[in-house]
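1. sharing a model prediction with you, sequence too.
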Amino acid sequence: MMQSHSPWTGRPIVLVGLMGVGKSTVGRRLAARLSLPFADADHEIEAAAGLSVTEIFDRFGEPYFRDGERRVIGRLMDGTPKVIATGGGAFVNDETRNLILEQGLAVWLNASPDVLAERVRRRDTRPLLRGRDPKTVLTDLASRRDPYYALAPIHVSSQRGPHEATVNAILKAIGR
């Protein structure tokens with residue numbers, strides 16, 4: 001289900017949305033289909049810091065992580081065509097969001113908290129979920145973050161089903 005279209009002009013395609021929506025998996029496949037490089041902002045942050053996202057949160061806190069995330073995304077937004085998967089909170093940061101909207105093509109991958117909770121239960125590496133009920137956390141995050149994600153010019157639903165369907169929906173939305 002697609003809600004919007006925006007022709008792709010070669011700017012970086014930046015995937016935004018909640019954890020578990022498939023930004024990294026879909027991003028890798030989208031990049032392959034478009035023959036573009038793929039960058040995962042969380043992996044780039046980990047490489048720059050020499051620490052995992054969880055360790056950065058634990059040692060330095062979320063504000064420190066968001067600042068590093070903003071800098072890394074700024075470095076990735078170098079004007080060359082590529083696909084970038086962001087962390088779930090990146091687009092909520094005003095500076096990061098403005099940078100993405102000005103220099104890239106933001107695509108909001110959206111899924112219901114039920115679908116997301118099902119997906120994130122498979123991995124225990126998400127700092128915002130540790131020791132908490134995923135559906136409760138994701139429902140709360142969706143209520144706070146969705147108004148920001150909705151500012152992306154392209155909205156694509158990523159529900160149950162193969163990631164390839166989401167990739168195809170993005171390609172259609174960008175006119176490819």
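-> Received it, and whenever you're ready, just let me know what you need.
2. in the helix or strand bottoming out on mean pLDDT in the chain, what counts as buried?
-> Ranked by mean pLDDT, DSSP states H and E, the weakest helix or strand in the chain is helix 113-120, scoring a mean of 86. For helix 113-120, burial by neighbour count (16 or more other C-beta atoms under 10 Å) applies to 113, 115, 116, 117, 119, 120. The C-beta positions use only the backbone N, C-alpha and C, and glycine is treated the same way.
3. tell me the contacts of the residue nearest to the fifth one when sequence neighbours are not counted?
-> By that I understand residue 119. Once flanking residues are discounted, residue 119 sits nearest to residue 20: 4.1 Å by C-beta to C-beta, 6 or more residues apart in numbering. Contacts for residue 20 (C-beta atoms under 8 Å, 6 or more residues apart in numbering) come out as 111, 115, 116, 117, 119, 120, 138.
4. helices or strands next to the lengthiest strand in the chain in the packing?
-> Taking DSSP state E as the criterion, the chain has its longest strand at strand 105-110. Contacts defined by 3 or more C-beta pairs under 8 Å, 6 or more residues apart in numbering; DSSP states H and E place strand 105-110 against strand 13-16, helix 134-149, strand 154-157, helix 163-173.
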